[in-house]
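Undergrad: this is the structure alone, sequence omitted:
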């Protein structure tokens with residue numbers, strides 16, 4: 001079996017690590033890396049091959065700049081592209097801050113800008129998949145995951161599952177808090193990508209969510225992701241919010257913290273990347289693959305340690321990294337989004353059922369949304385893909401946010417496909433973090449002036 005990874009970015013070794021641990025069980029024989037940036041592709045191919053040799057992986061690692069050749073014969077496709085790379089992300093996040101709006105690559109205007117750049121590129125690749133490997137299952141972790149999945153679902157015929165490690169990390173945290181194995185606890189989760197809630201926690205048939213909420217102050221001391229929310233808020237909504245809801249529930253605080261930190265997360269990641277890629281190139285050119293590995297590990301440790309630090313208002317050091325609050329973990333400890341993606345593949349290859357929280361077409365899971373609206377809910381995943389489980393009624397306060405964000409996502413896809421200024425303006429106007437015509441127009445015009453070709457049509461739908 002062959003897996004093709006579209007996008008040879010800095011997270012590529014995480015995927016290879018997960019595959020090395022499970023590849024023999026999947027019958028995996030080849031992993032092909034593809035990227036439009038030849039230099040980065042070469043670097044990640046050399047580093048990835050070196051790492052896989054250490055891990056005694058049972059598959060070969062190849063690199064292919066031509067997407068047709070990269071996709072040929074693929075049974076699964078991992079999509080992890082970043083149109084415009086980290087420099088475009090930094091610009092996306094800086095522009096909204098001029099207007100007092102949060103800059104974050106998946107949420108709000110920055111997520112809109114990233115989607116507008118990315119959707120046309122994803123649809124080009126999807127058309128190649130339809131032609132070259134039409135039976136392949138696409139596992140998407142290209143951001144913003146929910147909007148990209150919405151485009152794939154409504155504009156193409158590819159089979160796709162969207163993955164994000166946020167909800168599964170929530171589940172693991174709650175399981176640890178309750179002292180039960182995560183695989184013995186059922187969690188009902190509903191919403192959209194980066195906009196969802198755990199609304200039921202079943203252990204031995206009993207809902208223990210009320211207990212978790214009652215003890216939320218204790219939960220906050222155990223895991224940083226819960227520190228974002230006050231116990232009074234969580235008790236008022238009666239659900240556990242995923243961390244990106246912080247940008248909706250505490251919008252002013254989030255903006256102020258980022259402004260006070262002196263820069264955006266995107267700028268911070270860009271600085272780390274600008275230092276890392278030349279270092280990797282120099283080490284690999286000198287045939288010092290161990291040195292390249294050490295440089296990569298240091299950069300990814302710094303990146304992980306500073307996650308969400310600016311938004312929380314934690315101290316930011318002069319070099320842009322966050323001050324760690326505890327002992328550092330190994331860079332390959334745990335299995336984040338790559339572990340979730342590999343579980344999706346294992347369920348398909350082994351023809352077994354796995355209960356996962358992923359992004360998939362709604363098909364009635366959340367009443368009142370369209371069948372082709374992509375949602376993030378508890379699903380049953382097997383060889384046929386992801387099958388959302390019905391989630392029951394959604395509280396009106398959550399539903400009001402979901403309806404607005406989903407309409408924004410639909411309009412963003414239409415704007416990118418049609419190259420429509422009007423649809424793009426409507427998308428920003430609809431988003432709860434914008435909601436003002438003068439603001440929406442100023443943001444859109446700034447993005448148009450910053451990113452050439454921003455409103456080029458993304459191609460006809462299916």
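TA: Structure's in. What do you need? What you see is a predicted model, and the numbers here were worked out from it, not measured in a lab.

Undergrad: give the rounded mean pLDDT of stretch 80-100.
TA: For stretch 80-100, the mean per-residue pLDDT is 96.

Undergrad: got the buried residues for the helix or strand bottoming out on mean pLDDT in the chain?
TA: One helix or strand of the chain scores below all others by mean pLDDT, DSSP states H and E: helix 309-312, with a mean of 89. Under the neighbour-count criterion of 16 or more other C-beta atoms under 10 Å, helix 309-312 has 309-312 buried. Backbone N, C-alpha and C define where each C-beta goes, glycine included.

Undergrad: now stretch 158-178
TA: Buried residues in stretch 158-178 (16+ other C-beta under 10 Å): 158-175, 177-178.

Undergrad: ditto for stretch 47-55
TA: By neighbour count on 16+ other C-beta under 10 Å, the buried set for stretch 47-55 is 47-52, 55.

Undergrad: want to throw these into JSON lines with secondary structure?
TA: Formatted as JSON lines, those follow (DSSP: H, G, I helix; E, B strand; the rest coil):
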{"residue": "47", "secondary structure": "helix"}
{"residue": "48", "secondary structure": "helix"}
{"residue": "49", "secondary structure": "helix"}
{"residue": "50", "secondary structure": "helix"}
{"residue": "51", "secondary structure": "helix"}
{"residue": "52", "secondary structure": "helix"}
{"residue": "55", "secondary structure": "coil"}
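
Undergrad: which strands and helices sit next to the helix or strand just after the least confident helix or strand of the chain?
TA: Sequence order places helix 337-349 as the next helix or strand after helix 309-312, per DSSP states H and E. Other helices and strands packing on helix 337-349, by 3 or more C-beta pairs under 8 Å, 6 or more residues apart in numbering; DSSP states H and E, are helix 12-26, strand 76-79, strand 137-140, helix 165-178, strand 354-361, strand 374-382.

Undergrad: which stretch among the ones you listed comes nearest residue 346?
TA: Across these, the minimum distance to residue 346, taken as C-beta to C-beta, is reached by helix 12-26, at 6.2 Å.

Undergrad: and the closest residue to residue 198 other than its chain neighbours, its phi and psi?
TA: Of all residues not flanking residue 198 in the chain, residue 240 sits nearest, at 4.1 Å (C-beta to C-beta, 6 or more residues apart in numbering). Dihedral angles phi and psi of residue 240 (degrees, to the nearest 10) take the values phi -100, psi 120.

Undergrad: show me what contacts residue 240?
TA: Residues in contact with residue 240, defined by C-beta atoms under 8 Å, 6 or more residues apart in numbering, are 170, 174, 197-199, 209, 212-213, 226, 234.

Undergrad: show the buried residues in those residues.
TA: 170, 174, 197-199, 209, 212-213, 226, 234.

Undergrad: and the furthest pair within those residues?
TA: Farthest apart among the buried ones among the contacts of residue 240 - using C-beta to C-beta - are 199 and 226, which lie 15.9 Å from each other.

Undergrad: mind showing which ranges of the protein have poor pLDDT?
TA: Confidence mapping of the chain against pLDDT under 70 gives the ranges 315-335, 458-462.

Undergrad: now the strands for it?
TA: Assigned strands in the chain, in chain order: 2-6, 30-34, 60-63, 76-79, 137-140, 159-162, 185-192, 195-203, 206-207, 240-241, 354-361, 374-382, 385-388 (criterion: DSSP state E).

Undergrad: how far does the fifth one sit from the chain's center?
TA: If you compare the mean C-alpha spot of strand 137-140 with that of the full chain, they lie 13 Å apart, counting by C-alpha atoms, centre = their mean, to the nearest Å.

Undergrad: need the contact partners of it.
TA: Strand 137-140 is contacted from outside by 75-79, 126, 129, 148-149, 152, 158-163, 341, 344-345, 348, 359, 385, using C-beta under 8 Å, 6+ apart.

Undergrad: then the third one?
TA: Judged by C-beta under 8 Å, 6+ apart, the contacts made with strand 60-63 from elsewhere in the structure are 8, 16, 29-34, 41-42, 44-45, 48-49, 52.
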